[in-house]
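Asker: Sharing a sequence plus its predicted fold:
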Amino acid sequence: IPRLREASASVSGTLLAGDPVLFVTDNDNDGSLSQAILMEFVKCLPADIRDLVHVEYAQPIGSARGLTIEVVDKAVQARGWSENASFTIVTADNGINNRGEQEKIAARYPNSKLVITDHHNPDPRSVVLENARTVVFNPKYLPTEYFKRKNISGADTLGVLLTTTVDDINKAVPPPDFRD
């Protein structure tokens, strides 16, 4: 899936820098499975960075659904983060067609980054735009020949990203020395 390395580097780099990562999962079965995958992901992280992982369901607020400024605002306020805080938002099974929300989030949270982990088809009129602060990891975005014919779930897409992220973190953090 294109952009795996970039997406993993964004998540692992944020955690290794000591900054939080906010995962916004969809509120359907695929989102629930994503939450279960996230629970396992946290167990694989070094103990000193586990508390940097935060998970929110993308609960509908008003008529909006998925990745919205309202969901991010609610999560930021609940955690006491400032609008200028450095953090990364990672979607799970949502977000590919939320360009308007991407722009609102970027304006309100200028030090945030965004990783879109989705498996839905991009709509050219509303697909998020990749830039220095946003990477898209979606098998239907710039699809390989395989993914032009096949599909995987949003939870599977997230699982691929998090497996690679754990590998990246394990390469960067030396294992504990148990000889002492």
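Answerer: Right, received. Where do you want to start? Just so you know, these numbers come straight off a predicted model, no measurement behind them.

Asker: what's the helix or strand of the chain with the lowest mean pLDDT in contact with?
Answerer: When each helix and strand of the chain is scored by mean pLDDT, DSSP states H and E, helix 145-149 comes last, with a mean of 87. Applying C-beta atoms under 8 Å, 6 or more residues apart in numbering, the contact partners of helix 145-149 are 1, 139-140. All C-beta atoms are positioned from the backbone trio N, CA, C, and that covers glycine.

Asker: buried residues in the helix or strand following that helix?
Answerer: Using DSSP states H and E, the helix or strand that follows helix 145-149 towards the C-terminus is helix 154-172. Buried residues in helix 154-172, counted by 16 or more other C-beta atoms under 10 Å: 154-166, 168-169.

Asker: what helix or strand does the residue most central in space within the chain sit in?
Answerer: The centroid of the chain falls nearest to V90 when counting by C-alpha atoms, centre = their mean (1.5 Å). Counting by DSSP H and E, the element that carries V90 is strand 87-92.

Asker: ditto for V136
Answerer: Assigned by DSSP H and E, V136 falls in strand 134-137.

Asker: Just the mean pLDDT for that strand, thanks.
Answerer: Averaged across strand 134-137, pLDDT comes to 97.
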